[in-house]
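In: requesting a structural model of the entry that follows:
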Amino acid sequence: MPVRRGFVDLGSGIPQERIAQRLGISQFVVHDHLLKNSELKEAINTQLERGFAINTIAENWDGPERL
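Out: You can find the predicted model right below:
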């Protein structure tokens, strides 16, 4: 399934293309991962709704660098 360029997910306004670039992985991997990990998506969305900064959320989930 092709991934649309610039498709935004996580309710955070971060394009999948940017997530993939920052993590050094394929955009298809990001797309598949987000589809398969709805629990992660829900947890991140909950943190965003509670007002946590994206940088803080990335640190909480052991992100390799700030998104």
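In: okay, now the unreliable bits of this protein?
Out: The model of the chain has pLDDT under 70 over residues 1-12, 64-67.
In: what are the boundaries of the strands in the protein?
Out: If DSSP state E is used as the criterion, the strands of the chain fall at 8-9, 14-15.
In: mind listing what's buried in the longest helix along the chain?
Out: Of all the segments assigned as helix in the chain under DSSP state H, the longest by residue count is helix 38-49. Residues of helix 38-49 classed as buried under the neighbour-count rule (16 or more other CB atoms under 10 Å) are 41, 44, 47, 48. C-beta: built from backbone N, CA, C; applies to glycine.
In: same deal with stretch 48-59?
Out: Along stretch 48-59, the positions that meet the burial threshold by neighbour count (16+ other CB under 10 Å) are 48, 54, 57, 58.
In: from the buried residues of helix 38-49, which single one is nearest residue 62?
Out: Closest approach to residue 62 among these (CB to CB): residue 44, at 12.8 Å.
In: pretty sure the closest one contacts residue 57?
Out: Yes. At 5.9 Å, residue 44 and residue 57 qualify as touching, with contact defined as CB atoms under 8 Å.
In: which ones among the buried residues of stretch 48-59 map onto helices?
Out: Residues of the buried residues of stretch 48-59 located in helices (DSSP H): 48, 54, 57, 58.
In: thinking again about what came up before, what is the longest helix of the chain packed up against?
Out: Under the contact definition 3 or more CB pairs under 8 Å, 6 or more residues apart in numbering; DSSP states H and E, helix 38-49 sits against helix 54-60.
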